[in-house]
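**Student:** Need coordinates for the following:
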Amino acid sequence: MVFSPILVMLTNTGMKIVKSLQQITPYGGLTFAIEELEKKGVGKLVNTFLPDLPTQACYSWKDIFYSIWSIPLCGGDCIEDLNINLRKYIKCIPFFNVPSADSVLRRMKDLSRPTRRIMSKYSGKEHQFSIHMALNKLNIKLIKMLGGIKSKNIILDYDNTILKTDKADARKTYIKENGYNPGVGIIDDQIVYVENRNGNSDAQTYQERTISRMFKLLKSEGIKVNIFRADSASYVLQVIETVQRFVDRFYIRARNDQSVTNAIVNIQSWEKVVLNNEEVLIGSITYKPFQRARCLRKKKRQLSNYRLVVIKVPRKDGQLNFFTKEAFVYRSIITNDYEISDIEVFKFYNQRGGKEREFDVMKNDFCWGSIPFSNLNENTVFLILTAMARNIYSYLINIFSSGNKLLKSTFRVKKFIFRFIIMPAKWTKRSRQDIFNIYNSIPDI
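**Tutor:** The predicted model follows:
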């Protein structure tokens, strides 16, 4: 390795500056992260799972994926950061070659699948869905390789999030801004499924199909989900029927439709409890929902009974509810669990609030706020690959925090970068050996 001469300069204040063009990287900690992935066989998994590249290709799939995953792990927030801020510093890492941002984008486009277009029978509106089962399957294999899903009683949380964007094909969402509305499945702190949809397709549109695809994929990979949680967008007859085919128990936020309101009126006993430092009244009843949906069906199937758990809180304005004739705000959970108490149902359901925070993590830490392509299906590839980066980070922070007092497993990626990734280092050759020199006083890695 040839180094340029050191230049010594004096500033107007008399301070001496020593300037050197030696090949020193500020992201030395990334070397340990990539080495850990190589030990687990992640690079080999990526190369063998994905289609063969042309023989003249300069970069492997491992090079492409490691480069994408390195962006959020070094504090970047878009693909262009690879060229502008990162490539010249991380290309010294010996485990992979770093392509340009254009090469990465081109290979991601090659991985995209055609968008599915479905016309609604009732509204005549076109819905666009971007489904990529292969990359979702690779993601689950990656999670299993890193030992990500450890729970015996597996809880799957499902939700959708709005990604605001002015991309060419983005359509107006329910918040009156253009964007996409991907559906995401989460187990523990691992994103296990991503299915993109355009902004004009709200979360409940054909959700039962998304749910079915997700469960079938998990089942094919040997993951048996025991419990399902979701918000009121999943309060749809077809969704609940689909969920019951795959799980033992479910907890879904119920909308206050006519059947729910009628059930609330019939609750005879209310108990005063404290929930989230708030005094509320709680009660439950067995009821049969979706009566109107059943009437609209051509094939009339028998509806099931479910448990409805309700809390009611006094309205501050004192306005009466038209149906119940009470001045309360009602929040309801529908479930097929008859064993735990009413308050336990709500406490368990409210734990999904931590999963919803994953969307903030993805948008601010893992580039979901800066999607690169102009087409829905190409952006789906980007969303799944950066979801893999989130899963990898979960593994890395747990591994490295166990032996480094400066790290905690609860850290967001920004702290991890400051305390671990940012580590001045360089590679040198001595006695026919490659030596990794670290210029930092940190605990043992």
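**Student:** now the helices: where do they sit in the stretch 151-300 of the chain?
**Tutor:** 207-220, 237-244, 258-265, 291-296 (DSSP state H, counting those that start in this stretch).
**Student:** quick one: which of the ones you listed has the weakest pLDDT on average?
**Tutor:** Note on those: lowest mean pLDDT is at helix 291-296, with a mean of 62.
**Student:** Give me the residue ranges of the chain where confidence is low.
**Tutor:** Residues of the chain that meet the criterion pLDDT under 70 lie in 1-15, 18-22, 292-302, 441-445.
**Student:** Just list whatever residues bridge to the residue nearest the centre of it.
**Tutor:** Nearest to the mean C-alpha position of the chain, by Cα atoms, centre = their mean, lies residue 191 at 4.5 Å. Beta bridges link residue 191 to residue 186 when assigned by DSSP bridges.
**Student:** remind me, longest helix of the protein?
**Tutor:** The single longest helix within the chain, with elements called by DSSP state H, is helix 376-401.
**Student:** Report the buried residues of that helix.
**Tutor:** Neighbour counts over helix 376-401 (16 or more other Cβ atoms under 10 Å) mark 376-397, 399-401 as buried. Heads up, the C-betas are built off the backbone N, CA and C, glycines and all.
**Student:** repeat for stretch 92-99
**Tutor:** Within stretch 92-99, the residues that count as buried by 16+ other Cβ under 10 Å are 92, 93, 96, 98, 99.
**Student:** Now do the contacts for the residue nearest to the centre of the chain.
**Tutor:** Residue 191 makes contacts with 139, 184, 185, 358, 362, 387, 390, 391, as judged by Cβ atoms under 8 Å, 6 or more residues apart in numbering.
**Student:** Distance of the second one relative to residue 214?
**Tutor:** Read that as residue 184. The gap separating residue 184 from residue 214 is 10 Å, by Cβ to Cβ, to the nearest Å.
**Student:** now do the third one
**Tutor:** Shown here: residue 185 relative to residue 214, a distance of 5 Å by Cβ to Cβ.
**Student:** Next, show the common contact partners of the two.
**Tutor:** Shared contacts of residue 185 and residue 214 (Cβ under 8 Å, 6+ apart): 158, 192, 193.
**Student:** thought the first one was touching residue 234?
**Tutor:** What it means is residue 158. Yes - the pair residue 158 / residue 234 is scored as a contact, 6.7 Å apart, by Cβ atoms under 8 Å.
**Student:** Can you work out which residues contact both of the two?
**Tutor:** Listed as contacting both residue 158 and residue 234 by Cβ under 8 Å, 6+ apart are residue 211.
**Student:** Across the sheet, point out what pairs with the closest residue to residue 234 other than its chain neighbours.
**Tutor:** In space, and not counting its chain neighbours, residue 234 is closest to residue 252: 5.0 Å by Cβ to Cβ, 6 or more residues apart in numbering. In this entry, residue 252 is beta-bridged to residue 230, residue 334, by DSSP bridges.
**Student:** surely residue 252 meets residue 332?
**Tutor:** No - in this structure, residue 252 is not within contact of residue 332 by Cβ under 8 Å, at 9.6 Å.
**Student:** hang on, the earlier thing: closest to residue 108 among the contacts of residue 191?
**Tutor:** The shortest approach to residue 108 among the contacts of residue 191 belongs to residue 387, at 13.6 Å (Cβ to Cβ).
**Student:** check contacts around the closest one.
**Tutor:** By Cβ under 8 Å, 6+ apart, residue 387 lies in contact with 139, 184, 191, 194, 362, 366.
**Student:** if we go to 10 Å?
**Tutor:** Residue 387 is in contact with 135-136, 139, 182, 184, 186, 190-194, 358, 362, 366, 368, counting by Cβ atoms under 10 Å, 6 or more residues apart in numbering.
**Student:** Equivalent analysis for residue 423, please.
**Tutor:** By Cβ under 10 Å, 6+ apart, the neighbours of residue 423 are 25-32, 438-440, 442, 445.
**Student:** Check residue 174 too.
**Tutor:** By Cβ under 10 Å, 6+ apart, residue 174 lies in contact with 162, 181, 199, 200, 202, 203.
**Student:** State the number of residues packed around the fifth one.
**Tutor:** Other residues near residue 202 come to 15 when the count uses other Cβ atoms under 10 Å.
**Student:** Distance of the closest residue to it other than its chain neighbours relative to residue 375?
**Tutor:** Distances taken as Cβ to Cβ, 6+ apart place residue 174 nearest to residue 202, at 5.8 Å, with adjacent residues excluded. Taking Cβ to Cβ as the measure, residue 174 falls 22 Å from residue 375.
**Student:** Tell me how many other residues surround residue 357.
**Tutor:** Residue 357: 9 neighbours (other Cβ under 10 Å).
**Student:** sec struct for it, please.
**Tutor:** helix (DSSP: H, G, I helix; E, B strand; the rest coil).
**Student:** Would you mind measuring from it to residue 159?
**Tutor:** Separation of residue 357 from residue 159 (Cβ to Cβ) stands at 11 Å.
**Student:** got it, and residue 367?
**Tutor:** To residue 159, residue 367 is 19 Å away according to Cβ to Cβ.
**Student:** Residue 208 now?
**Tutor:** For residue 208, the distance to residue 159 - Cβ to Cβ - is 15 Å.
**Student:** Which of the shared contacts of residue 185 and residue 214 sits closest to residue 227?
**Tutor:** The shortest approach to residue 227 among those belongs to residue 158, at 11.5 Å (Cβ to Cβ).
**Student:** The closest one: neighbour count?
**Tutor:** Residue 158 has 26 neighbouring residues, counting by other Cβ under 10 Å.
**Student:** Not counting its neighbours along the chain, what's nearest it?
**Tutor:** Closest residue to residue 158 apart from its sequence neighbours, by Cβ to Cβ, 6+ apart: residue 230 at 4.7 Å.
**Student:** tally of neighbours for the one you found?
**Tutor:** Number of residues near residue 230 (other Cβ under 10 Å) recorded here: 25.
**Student:** give the contact list for it.
**Tutor:** By Cβ under 10 Å, 6+ apart, residue 230 lies in contact with 156-160, 185, 203, 207, 211, 239-240, 243, 250-253, 349, 352.
**Student:** neighbours of residue 56, just the number please.
**Tutor:** 5.
**Student:** circling back to that earlier point, neighbour count: residue 208 and residue 159, which is higher?
**Tutor:** Regarding residue 208 and residue 159, a neighbour count based on other Cβ under 10 Å identifies residue 159 as having more, with 20 against 17.
**Student:** Residue 362 is in contact with that one, correct?
**Tutor:** No - using Cβ atoms under 10 Å, residue 159 makes no contact with residue 362, being 11.5 Å away.
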